[in-house]
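from the sequence below, what's the structure:
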Amino acid sequence: MKNVKEMSAEKVDTKVQKPKLLNIKLEKLRPFQNHPYKVLDDDSMKELIESIAENGLLNRIIVRPLENTTDEYEIISGHRRVHAAELLNIKEVPAVVYFIDRDEATVLMVDSNCQRESLTLMEKAKSYRMKSDALSHQGKTLGQNVPKSDDNRTNAKIGEKSGDSYKTVQRYIRLTYLTPELQEYVDKGQMKLLPAVEISYLDEECQRDIVDRILETESFPSHAQARRMKAIFEEGKLDYEIVTEIMSELKPNQVENFKMPMEDLRKYLPYPMTPEETRKYMLDLAKKEHNRIQNRDAR
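Below you'll find the model as predicted:
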């Protein structure tokens, strides 16, 4: 058995199936097609650049050989490290090469990134969707017909690396059916997860009606409002007027509440009352005072 050793990328034997340790020139690396992870020049990137400049790349990136090429590689994990290396003018990086197909690479990519704390909701949602599609494609390739009842088991498998339940995975995947504008609201934390999931079942036209209403009012639908819109959509009756009507309703957290200690009121009550009796008594007094002023002004 040959010892695994450092070698140049140009000497890779693509027929060997065991992973190889290589130093690969940056010019030979390609980003993973449609990968969901953002590579930003933010404070975290600055810290990574400083770390690599001081200590070098401590962890190898993960790649696979690109089909129909002789010496090009697709990055499975390590896009941020590669970008930092580019900014530092590093010519090549240490890598582990896996000789796997695209579906296997997709699963490995998601599993390698799923525990990053910096992932946004949409990054996680899109990665789960990619893993789900890859697993489904693998099943079809093997001639398997996975019944709908096994979806929960598949979702549990998708989330096992990150500790997410099958229900959480299902909700994340639903976010990928939102329009780009709504996905951005979710990523910024302006739209909550549960109402976003309900809205994801609407068609693009109805979702854009919601986007228009958000732009007009700068308010977002509650979970209850989103559920109502979904129910009306399923009846084929949802349009912009109904969206406007539902989203114009006052949400429970927008209702102002007036509180007063019972001790402050008890001495003015004609007899001992429960809190509910006190509320009705005070409301009745307020109505009588309102009517008295109305009648006085009408004279």
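
what comes up buried for stretch 278-294?
278, 281, 282 (16 or more other C-beta atoms under 10 Å). To be clear about C-beta, it is placed using only N, CA and C from the backbone, and glycine gets the same treatment.

excluding sequence neighbours, find me the nearest residue to the residue nearest to the spatial centre of the chain.
For the chain, residue 121 is the residue whose C-alpha lies nearest the centre (C-alpha atoms, centre = their mean; 2.3 Å). The shortest distance from residue 121 to any residue other than its chain neighbours is 5.4 Å, reached at residue 186 (C-beta to C-beta, 6 or more residues apart in numbering).

I'd guessed the one you found sits against residue 175; true?
Yes: the pair residue 186 and residue 175 qualifies as a contact (C-beta atoms under 8 Å) at a distance of 6.0 Å.

show me where the stretch 101-250 of the chain has its strands.
In the stretch 101-250 of the chain, no strands are defined using DSSP state E, counting those that start in this stretch.

what's the separation between residue 198 and residue 261?
40 Å (C-beta to C-beta, to the nearest Å).

tell me which of the two has more neighbours.
Taking neighbours as other C-beta atoms under 10 Å, residue 198 and residue 261 compare with residue 198 leading, 20 against 7.

isn't the more buried one right up against residue 231?
No: taking contacts as C-beta under 8 Å, residue 198 lies outside contact range of residue 231: 9.2 Å.

which residues of the stretch 51-200 of the chain score low on pLDDT?
139-150 (pLDDT under 70).

can you rerun that using 80?
Along the stretch 51-200 of the chain, segments meeting pLDDT under 80 span 115-117, 138-151.

what is the neighbour count of the closest residue to residue 195 other than its chain neighbours?
Nearest residue to residue 195, sequence neighbours excluded (C-beta to C-beta, 6+ apart): residue 226, at 3.7 Å. Residues lying near residue 226 (other C-beta under 10 Å) number 25.

the one 10 residues further on too?
Other residues lying near residue 236 total 7 when counted by other C-beta under 10 Å.

now residue 19
15.

so how far is residue 232 from it?
On the measure of C-beta to C-beta, residue 19 and residue 232 end up 53 Å apart.

and for the helix or strand containing residue 264, what's in contact with it?
Assigned by DSSP states H and E, residue 264 belongs to helix 262-266. Residues outside helix 262-266 that contact it (C-beta atoms under 8 Å, 6 or more residues apart in numbering): 272, 275, 278, 282.

what's the next secondary structure element after the host helix or strand of residue 62?
Using DSSP H and E, residue 62 falls within strand 61-65. In the C-terminal direction, the helix or strand that comes right after strand 61-65 (DSSP H and E) is strand 73-77.

what's whichever helix or strand comes after that following strand packed up against?
The helix or strand immediately downstream of strand 73-77 is helix 79-87, counting by DSSP H and E. Helix 79-87 sits against helix 43-55, strand 92-97, with contacts defined as 3 or more C-beta pairs under 8 Å, 6 or more residues apart in numbering; DSSP states H and E.

quick one on the thing from earlier: which residues does the strand holding residue 62 contact?
Residues contacting strand 61-65 (C-beta under 8 Å, 6+ apart): 12, 14, 24, 29, 72-78, 81-82, 93-100, 105, 108, 112.

and if you look at stretch 67-74?
With C-beta under 8 Å, 6+ apart, stretch 67-74 has contacts from 9-10, 12, 24, 28-33, 63-66, 95, 97, 105.

show me what counts as buried in that stretch.
Across stretch 67-74, burial judged by 16+ other C-beta under 10 Å covers 72, 73, 74.

next, the distance between the ends of that stretch.
The straight-line separation of the ends of stretch 67-74 (C-alpha to C-alpha, to the nearest Å) is 9 Å.

that older thread, in CSV: the helices and strands packed on helix 79-87, plus distance to residue 292 and mean neighbour count.
Output for those, formatted as CSV (distance: least, C-beta to C-beta, whole Å; neighbours: other C-beta atoms under 10 Å):
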stretch, distance to residue 292, mean neighbour count
helix 43-55, 64, 13
strand 92-97, 83, 21
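
from the contact counts, what lies against the helix with the most length in the chain?
The residue-count maximum for a helix in the chain (DSSP state H) belongs to helix 275-298. Under the contact definition 3+ C-beta pairs under 8 Å, 6+ apart, helix 275-298 sits against helix 262-266.

now the helix it packs on: how far from the chain's centre is it?
Relative to its chain's centre, helix 262-266 lies at 49 Å (C-alpha atoms, centre = their mean, to the nearest Å).

repeat for stretch 183-198
Distance of stretch 183-198 from its chain centroid, counting by C-alpha atoms, centre = their mean, is 8 Å.

need the contact partners of it.
By C-beta under 8 Å, 6+ apart, stretch 183-198 touches 120-122, 171, 174-176, 178, 182, 214, 220-223, 225-227, 229-230.

good, we can wrap up now.
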